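Peer 1: Next come a sequence and a model predicted from it.
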Amino acid sequence: MLSPFLESNRLEAGCDEVGRGCLCGPVVAAAVILPESFANELVNDSKKLKKQDRTALVTEIKLEAIAWAVAEASVEEIDQINILNASFLAMNRAVQALQTQPEHLLIDGNRFKTTLNIPFDCIIKGDGKYASIAAASILAKVYRDEMMAELAEQFPGYGWEKNVGYPTKAHRDGIRKHGLTPLHRKTFKHLPEQLKMEF
């Protein structure tokens, strides 16, 4: 069971993002404030959960949470300010969208930049340590996976319904065959050949 809080008796919002390593689509972040009484032994880093468990947990998290929000940074923003800063932007947007203002943020990872006047702690692999960060990772992943599956219908041939935009063989084969879509991040290296050409 993950820890319910870093410090008791304060409103902590766990924050996480998904999609940083993808070749296309927005980066998505979520922020979740859970009550200290929240307990579900299934809640964990979203990457370690089965798809059906993640989907079921979304409903429970939204019902039980004091507040939750999901936000994006667009492909254009990723290309303009880079993926790391776009991840921070998405997390800031998620926190701003919360119906209840948190007193403290628990950020998954080792870095964070914010314009919000809220203290925070960065926690490496926090989605496997704190329930609120894990809950945020679940909401963000399910939201983005479902979005990419819908976009796969508009842009068939890249396998987004399965790879959700990550650089799999099917995705790269699709790029070779069909070229790039407007949803591909222009500042990313899409094919291994691009890396070789730069030496």
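Peer 2: Arrived safely. For clarity, every value in this text was computed on a predicted model and none was experimentally measured.
Peer 1: name the helices or strands packed onto the helix ranked longest in the chain?
Peer 2: Longest helix in the chain by number of residues (criterion: DSSP state H): helix 131-154. Helix 131-154 is packed against strand 12-18, strand 27-33, helix 51-64, strand 67-73, strand 104-108, helix 160-163, with contacts defined by 3 or more C-beta pairs under 8 Å, 6 or more residues apart in numbering; DSSP states H and E. Every C-beta, even on glycine, is put in place using the N, C-alpha and C of the backbone.
Peer 1: Compare those and report which one is nearest to residue 93.
Peer 2: Evaluated with C-beta to C-beta, those place strand 67-73 nearest to residue 93, the distance being 3.5 Å.
Peer 1: how long is stretch 6-22 end to end?
Peer 2: 30 Å (C-alpha to C-alpha, to the nearest Å).
Peer 1: So for it, mean pLDDT?
Peer 2: The average pLDDT within stretch 6-22 is 97.
Peer 1: Over to stretch 47-63?
Peer 2: For stretch 47-63, the per-residue pLDDT averages 95.
Peer 1: List the buried residues of it.
Peer 2: Neighbour-count burial for stretch 47-63, counted by 16 or more other C-beta atoms under 10 Å, picks out 49, 54, 57, 58, 61.
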